[in-house]
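[1] Everything below, folded, please.
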Amino acid sequence: MARPPVDPRLWRHARSARRYLGYSVGLSVLTTVCIVVAAVALSRVLAGVITDPTRREFADWTIELAVLAVALGGRAVASWWQARLAHRAGASVVAELETAVLAAGAGLTPRELDNRRTELAVVVGTGLSGLRDYLTGYLPALLLTVLVPPVLLAVIFAHDPVSGGIAVVTLPLIPIFMILIGLLTQGRATATLEATTRLSDQLLDLFAGMPTLRALGRESAGNDTGASTAPSMVPRVRALGDSLRIRTMRALRVAFLSSMVLELLATLSVALIAVSIGLRLVYGGMDLYDGLVALILAPEVYLPLRTLGERFHAAQDGMAAADKAFAVLEPAGARPGGTAVTTEKPGARRPSQGAAHIEVRGLGVRAREGWAPWELNADARPGAVTVLAGANGSGKSTAVSAILGLIEPEQGRVLVDGVDVRALDQRAWWDRLAWLPQRPVLVPGTLRENLELLGAGDLADLDRACAATGFDAVLAELPRGWQTVVGAGGHGLSLGQRQRLALTRMLATHRPVLLLDEPTAHLDEASEAGVLAALRERAAAGATVVVVGHRPTVLASADEIVPVLSKDAVSAS
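    Next up is the predicted model:
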């Protein structure tokens, strides 16, 4: 899809860009006026000194020289001020878009977020920074290209129609070659961004697997006989880095070559005008003043177009990242199971207080291959532990997302106390439940701050929860106890300690609906038994407990086991 020179989506999502555009137009007009005034004043002085013997003193040209100085100073100030505004606007626009993309990414469903996590990280982390080149270089050059050449051509035509005609004929050559170069480089910036995304994704996968490899003693490459050689990821990482380096250097090579071509065209065009003016001056075919005006303004006619071509390529990386950002901010259409989360709905009903009777009726969600889950029916009642069991990829976690209202299924529905979950006030429904995903959400801060995300109960509840999950033993090993600081995602704790903290946080709350996805993963047998006993105790107290699990101990603790099948599994059976 062709992108307009000034992308309207940028102005919709970045208010500071609108002010900058208005200022840039005014400064571009001032720059154009200063160019014309300076050329006319300088031509009058030079032509007068040569052709008028009576005006050879400095004092004879005081007014013209003062006008020339003011025009040159005004142009310099306008250029400096525009660059200053551009840098400020660039930082502000990038910050606005990064915030908007992060907010939009937070509104994606878990499935959509998993698919686009690395893409969002690349766009927000480094990709959008390329927009600074767009705002500081390409956009000012574009405005000057629109304003300067028409005005200067009109002035040249008024003084020398021949030079104006040469400029009109040769000027289109620069945009023609710009288009040809653009066709040659079409897609290179997008391909480079995609290569960066793939590199980041694969590196993250490699590093994420390192703890597991180290735990198994396989962090070094081993052949089939078990011999240890150089680290297996070294050649892979080197190959990925080399691929990105080669692609980036190719893009830079084309950008440098295109600048050389545009510079050569502009130089030859100005040379034609200069030769024409020189010959006519020699044979008396024109006035010196008119020739000087045309000759001084000729390079200024080509300069904006030449600069625009040079800076176009520098802005492409940022605009390619902006396209990715706009795809998140303005999705073309809802993807299967991937509609953005909306917490406020007109006319939404508030759920009743207390435990909820959750009914799943004929639930079906499209997956990459078929449906997962397919025709799921479940009844989760207060006072019972309901376990969703099935093979990997059958759609157990997707079913929980549908109960939460995070995705909209293609068929079937989820009822909460007889009301479709899609008709509920999402915020009120989420305030009523506690959810433990496969990857517990831990924020940078102290353990106490992470515990209070769901609103912990009294001290007795907290002590019982710590004893049930085994987190009391973890606290005993930490010198600062609950004041221990962890990083993003619980960095500083092991996987088991993170799981225990998240379970403690859930069990210490008084929320009447508990949804848990593989809660006993990374736990030993004793901790697993304590957690399952605590869940049964919460259910006996009247809570609605829904657990995703497949381990025998989890199934044994269930009051009701609901098999979850994908469409392929149903067809096979």
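[2] from here on, contacts and neighbour counts on C-alpha atoms
    Fine.
[3] what number of residues lie near the nearest residue to E98 once chain neighbours are set aside?
    Of all residues not flanking E98 in the chain, V124 sits nearest, at 5.4 Å (Cα to Cα, 6 or more residues apart in numbering). Counted with other Cα atoms under 10 Å, residues neighbouring V124 total 23.
[4] pLDDT score assigned to V124?
    pLDDT recorded at V124 is 73.
[5] can you check G187 too?
    61.
[6] next one: P211
    Predicted confidence (pLDDT) for P211: 64.
[7] How about E537?
    pLDDT, E537: 88.
[8] okay, and for the stretch 251-400 of the chain, where does confidence drop off?
    255, 310, 313-318, 321, 331-352 (pLDDT under 70).
[9] cool, the stretch 101-250 of the chain as well?
    For the stretch 101-250 of the chain (pLDDT under 70), the answer is 109-111, 114-115, 118-119, 122, 126-127, 130, 182-195, 197-198, 201-234, 236-237.
[10] which residues of it fall in helices?
    110-125, 131-133, 139-159, 161-170, 173-184, 188-215, 233-282 (DSSP state H, counting those that start in this stretch).
[11] Ends of stretch 354-362, what's the gap?
    End-to-end distance for stretch 354-362: 26 Å, by Cα to Cα, to the nearest Å.
[12] shouldn't D379 be in contact with V360?
    Yes - between D379 and V360 there is a contact at 6.4 Å, judged by Cα atoms under 8 Å.
[13] Compare the two and say which is more crowded by neighbours.
    V360 (20 against 16).
[14] What strand or helix carries that one?
    strand 358-364 (DSSP states H and E).
[15] immediately after that strand, which helix or strand?
    strand 376-380.
[16] Run through the neighbouring helices and strands of that next one.
    Secondary-structure packing of strand 376-380 (3 or more Cα pairs under 8 Å, 6 or more residues apart in numbering; DSSP states H and E): strand 358-364, strand 544-548.
[17] cutoff 6 Å now
    If contacts are counted by 3 or more Cα pairs under 6 Å, 6 or more residues apart in numbering; DSSP states H and E, strand 376-380 sits against strand 358-364.
[18] Neighbouring strands of the strand it packs on in the sheet, and parallel or not?
    With DSSP bridges as the test, strand 358-364 is paired with strand 376-380 (antiparallel), strand 411-416 (antiparallel).
[19] give me the number of residues near the spatially closest residue to V365 that is not a sequence neighbour?
    Computed as Cα to Cα, 6+ apart, the closest residue to V365 that is not its neighbour in sequence is P409, at 5.0 Å. For P409, the neighbour count with other Cα under 10 Å is 22.
[20] Repeat that for the one 10 residues further on.
    Burial measure for V419: 17 neighbouring residues, criterion other Cα under 10 Å.
[21] can you check the one 4 residues further on too?
    Using other Cα under 10 Å, A423 is surrounded by 17 other residues.
[22] Check the burial of the residue nearest to L272 when sequence neighbours are not counted by counting its neighbours.
    The spatial neighbour of L272 that comes closest, neighbours along the chain excluded (Cα to Cα, 6+ apart), is I166 at 7.6 Å. By other Cα under 10 Å, the residues close to I166 number 16.
[23] Closest to the centroid, which residue in the protein?
    When Cα atoms, centre = their mean is applied to the chain, the residue found nearest the centroid is V123 (3.3 Å).
[24] hang on, the earlier thing: can you list the strands paired with strand 358-364 in a markdown table and add distance to L442?
    Output for these, formatted as a markdown table (distance: least, Cα to Cα, whole Å):
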| stretch | distance to L442 |
| --- | --- |
| strand 376-380 | 28 |
| strand 411-416 | 28 |
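[25] Out of those strands, which gets nearest to T196?
    T196 lies closest, by Cα to Cα, to one member of those: strand 411-416, at 37.4 Å.
[26] Give the pairing partners of the very next helix or strand once past that closest one; include direction for each.
    As assigned by DSSP H and E, the chain's next helix or strand after strand 411-416 is strand 419-420. Using DSSP bridges, the strands paired with strand 419-420 in its sheet are strand 411-416 (antiparallel).
[27] what mean pLDDT does the partner strand have?
    89.
[28] what comes up buried for that strand?
    For strand 411-416, burial by neighbour count (16 or more other Cα atoms under 10 Å) applies to G412, R413, V414, L415, V416.
[29] ok, the second one - contacts?
    Same thing as R413. By Cα atoms under 6 Å, 6 or more residues apart in numbering, the contact list for R413 reads R361, L363.
[30] the inter-axis angle of the strand holding V360 versus strand 544-548?
    With axes from the mean of the first three to the mean of the last three Cα atoms, to 10 degrees defining the directions, strand 358-364 sits at 30 degrees from strand 544-548.
[31] now the helices for the stretch 451-573 of the chain?
    Going by DSSP H, counting those that start in this stretch, the stretch 451-573 of the chain shows helices at 459-469, 471-477, 495-507, 525-540, 552-556, 567-572.
[32] who wins for proximity to A66 among those helices?
    Of all the helices of the stretch 451-573 of the chain, helix 495-507 comes closest under Cα to Cα, at 73.6 Å.
[33] From G105, how far off is the residue nearest to the centre of the chain?
    Distance from V123 to G105, by Cα to Cα: 11 Å.
[34] Then A380?
    31 Å.
[35] got it, and G542?
    For G542 relative to G105 (Cα to Cα), the value is 36 Å.
[36] Who has more neighbours out of those two?
    Neighbour totals were compared for G542 and G105, and G105 leads with 21 against 18 (other Cα under 10 Å).
[37] The more buried one and V33, how far apart?
    With distances taken as Cα to Cα, G105 is found 46 Å from V33.
[38] G285 now?
    29 Å.
[39] Show me which of those two is the more surrounded one.
    Higher neighbour count among G285 and V33: V33, with 17 against 11, using other Cα under 10 Å.
[40] Which strands or helices does whichever strand or helix holds that one pack on?
    Per DSSP H and E: V33 is located in helix 15-51. Applying 3+ Cα pairs under 6 Å, 6+ apart, we find helix 15-51 packed against helix 62-106, helix 288-329.
[41] buried stuff in that helix?
    Counting neighbours by 16+ other Cα under 10 Å, helix 15-51 gives 16-18, 20-21, 24-25, 27-45, 47-49 as buried.
[42] just stretch 479-495 next, same as before
    For stretch 479-495, using 16+ other Cα under 10 Å, the buried residues are V485, V486, G490, L495.
[43] Does the third one touch L442 like I think?
    Think G490. Yes - if you go by Cα atoms under 6 Å, G490 and L442 touch, sitting 5.3 Å apart.
[44] how is the protein carved up into domains?
    8-215+234-329, 358-572 (automatic domain parsing).
[45] in a helix, that's where A391 is, yeah?
    No - assigned with DSSP: H, G, I helix; E, B strand; the rest coil, A391 falls outside any helix and is coil.
[46] Do you know the pLDDT at the residue of the chain positioned farthest from its centre?
    Each residue of the chain has a distance to the centre, and by Cα atoms, centre = their mean the biggest one is for T54: 67.5 Å. The confidence metric pLDDT takes the value 79 at T54.
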